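> I would like the atomic coordinates for the input below:
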Amino acid sequence: EATVYYELIPPSLLEKVIEMESDRLAHLRLNEQELSAENKVVFQERQLRLESDISAQAFEKMTEVLFDGHAYARPVIGYPEDLKKLNSKQCREFFDKYYSPENALLVIAGNFNISQTMGWIQKFYGKIKSKSAVSFQKGTYGSVVGAPSRLKKTHLFDLNKDVVSESAIIGYQIPSMYHE
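Sure, this is the predicted structure:
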């Protein structure tokens, strides 16, 4: 699981962007009004990417069946009922637990001076107070699915909609590549 911020910037703005991203990590600004505004954006995104796309709906349903009983069964964007219940306190607690320099990976590619950039990273990220890093162990992901025989039968579901052409989506429950 990851949260990814992807930015294309001119090299002349690299220091400013490193400063801004470290500030976002150090000083999350979140209140009910801002959360409500963001929730509206997420609802619209769900409508655009999922509710209006039969393939996306089928994939969501398949994932629910394949990962029944596990968090992976839930769509990343969430269900509308989840979004309605979400509050800023829950978001803050999650942020405080997982978002810290110890859990971050910063990737910079392009035309930049490595030693200068490392100085900026240390300058801006180095002053952020450390939290207890959450341990992520190799193999954790492999246990999500367990043995491929977890599904006891074939599941068939039909999303009968008026579409231009029919399609089939087939999913298999197999161990993760990290499974040992």
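> C-alpha from now on. contacts and neighbour counts both.
Will do.
> now for the longest helix seen in the chain, which elements pack on it?
In the chain, assigned by DSSP state H, the helix with the most residues is helix 32-46. Applying 3 or more C-alpha pairs under 8 Å, 6 or more residues apart in numbering; DSSP states H and E, we find helix 32-46 packed against helix 80-85.
> which parts of the helix it packs on are buried?
residue 83 (16 or more other C-alpha atoms under 10 Å).
> can I get that helix as PDB, trimmed to CA atoms?
Output in PDB follows, covering the C-alpha atoms of helix 80-85 (Å, rounded to 0.1, in the frame of the first residue of the first chain):
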ATOM      1  CA  PRO A  80     -19.900   5.900  -0.900                       C
ATOM      2  CA  GLU A  81     -21.100   4.800   2.600                       C
ATOM      3  CA  ASP A  82     -17.500   4.800   3.800                       C
ATOM      4  CA  LEU A  83     -16.800   8.300   2.500                       C
ATOM      5  CA  LYS A  84     -19.900   9.600   4.100                       C
ATOM      6  CA  LYS A  85     -18.800   8.300   7.600                       C
END
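> which residues are in contact with it?
By C-alpha atoms under 8 Å, 6 or more residues apart in numbering, the list of residues contacting helix 80-85 from outside reads 39, 43.
> from the chain's centroid, how far away is that helix?
Taking C-alpha atoms, centre = their mean, to the nearest Å, one finds helix 80-85 lying 17 Å from the centre of the chain it belongs to.
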